[in-house]
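Engineer: Make a model of this:
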Amino acid sequence: MLHRSSPADGVALLVIDRSERRNALSILLRDDMSDALDELGSDPDVRCVVLASEGPAFCAGFDLGEFEVALGDEGFAADLWASSDRWHQRLLTFPVPIVVAVHGAALGGGFDLAMMCDVRLAGPAASFAHPEHAFSEVVYGPLVRAVGATAANDLALTGRRIDATEALALGVVSRVVEGDLRDAAIEVATHIAAAPRPVLERMKAKIVTSAAIVGTDGAGRPTLSL
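Structural biologist: Numbers count the residues shown, from 1 in each chain. Here you go, the predicted structure:
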């Protein structure tokens, strides 16, 4: 479900592979990702992470079938929200940069996932939307910090879908790659990883600080306004 490799010195690659469900973020998948980020974040040899996925879609968001189960099972609901909180926390406060390669549709939580990464590359077939705007609030903080209030309000409140060209124009992504997107993301990560980890940690700390830390969780980790 989550493949892990080291394609270059200092670079870790995480690939989501749940294509039969359009890479929907189940509790298991989020926990696997959080576990991997815990390990990579504490590995002094890791200086950058690349996140990608398999199948035609990048990520269809949270697994809505689990929300249906949660409606009738309080224990499952508690697990679902605990998994969600931990996943957001790990991504938002990861100690070194994350580069994401968005090759297809990034919807709902998939859009959030892309926005919580530090450098976003898109393929020509990428698209972004928040269809969950009709029944739930979206993760607003990372979006507004990237594109500004005017564009963020539009995307968060209407749920409209934007293609890769508009995503580039708005600042959702930094570039659209016509060739091999994953290779391009690894190349960017390799350039990033040329810096020493302490330098990258300090730079990432500035990025996290600019994202408005509002307190700490029960373990003393920083929490962020979403």
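
Engineer: can you map out the strands along this structure?
Structural biologist: 2-8, 11-16, 48-53, 98-102, 105-107, 119-122, 127-129, 162-163, 175-176, 213-216, 222-224 (DSSP state E).

Engineer: Quick check: mean pLDDT of the longest helix belonging to the chain?
Structural biologist: Identified as the longest helix of the chain according to DSSP state H is helix 74-92. Mean pLDDT, helix 74-92: 92.

Engineer: Now tabulate the strands of the chain in JSON lines and tack on mean pLDDT, mean neighbour count and distance to L91.
Structural biologist: Placement of C-beta: from N, CA and C, glycine included. Formatted as JSON lines, these follow (pLDDT from 0 to 100; neighbours: other Cβ atoms under 10 Å; distance: least, Cβ to Cβ, whole Å):
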{"stretch": "strand 2-8", "mean pLDDT": "98", "mean neighbour count": "14", "distance to L91": "14"}
{"stretch": "strand 11-16", "mean pLDDT": "98", "mean neighbour count": "22", "distance to L91": "11"}
{"stretch": "strand 48-53", "mean pLDDT": "98", "mean neighbour count": "26", "distance to L91": "9"}
{"stretch": "strand 98-102", "mean pLDDT": "98", "mean neighbour count": "27", "distance to L91": "7"}
{"stretch": "strand 105-107", "mean pLDDT": "98", "mean neighbour count": "26", "distance to L91": "14"}
{"stretch": "strand 119-122", "mean pLDDT": "98", "mean neighbour count": "24", "distance to L91": "13"}
{"stretch": "strand 127-129", "mean pLDDT": "98", "mean neighbour count": "22", "distance to L91": "17"}
{"stretch": "strand 162-163", "mean pLDDT": "98", "mean neighbour count": "16", "distance to L91": "22"}
{"stretch": "strand 175-176", "mean pLDDT": "98", "mean neighbour count": "16", "distance to L91": "21"}
{"stretch": "strand 213-216", "mean pLDDT": "48", "mean neighbour count": "11", "distance to L91": "15"}
{"stretch": "strand 222-224", "mean pLDDT": "55", "mean neighbour count": "17", "distance to L91": "10"}
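
Engineer: quick one, helices of this protein?
Structural biologist: Using DSSP H, helices in the chain cover 27-41, 64-71, 74-92, 109-115, 141-147, 149-158, 164-170, 181-192, 197-210.

Engineer: Highest mean neighbour count across the ones you listed, which stretch is it?
Structural biologist: helix 109-115 (a mean of 27; mean count of other Cβ atoms under 10 Å).

Engineer: V208 contacts V96, correct?
Structural biologist: No - if you go by Cβ atoms under 8 Å, V208 and V96 don't touch, sitting 11.1 Å apart.

Engineer: With just CA atoms, put stretch 185-205 into PDB.
Structural biologist: Provided in PDB are the C-alpha atoms of stretch 185-205 (Å, rounded to 0.1, in the frame of the first residue of the first chain):
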ATOM      1  CA  ALA A 185      10.600  15.200  -8.500                       C
ATOM      2  CA  ILE A 186      13.600  13.000  -7.600                       C
ATOM      3  CA  GLU A 187      15.900  15.500  -9.400                       C
ATOM      4  CA  VAL A 188      14.500  18.400  -7.400                       C
ATOM      5  CA  ALA A 189      14.900  16.400  -4.200                       C
ATOM      6  CA  THR A 190      18.500  15.600  -5.100                       C
ATOM      7  CA  HIS A 191      19.300  19.200  -5.500                       C
ATOM      8  CA  ILE A 192      17.600  19.900  -2.100                       C
ATOM      9  CA  ALA A 193      19.500  17.000  -0.500                       C
ATOM     10  CA  ALA A 194      22.800  18.500  -1.500                       C
ATOM     11  CA  ALA A 195      22.500  20.700   1.500                       C
ATOM     12  CA  PRO A 196      23.500  19.400   5.000                       C
ATOM     13  CA  ARG A 197      20.600  18.200   7.100                       C
ATOM     14  CA  PRO A 198      21.100  20.800   9.800                       C
ATOM     15  CA  VAL A 199      20.700  23.600   7.200                       C
ATOM     16  CA  LEU A 200      17.600  21.900   5.800                       C
ATOM     17  CA  GLU A 201      16.100  21.500   9.300                       C
ATOM     18  CA  ARG A 202      16.600  25.200  10.000                       C
ATOM     19  CA  MET A 203      15.100  26.200   6.700                       C
ATOM     20  CA  LYS A 204      12.100  23.800   7.200                       C
ATOM     21  CA  ALA A 205      11.700  25.200  10.700                       C
END
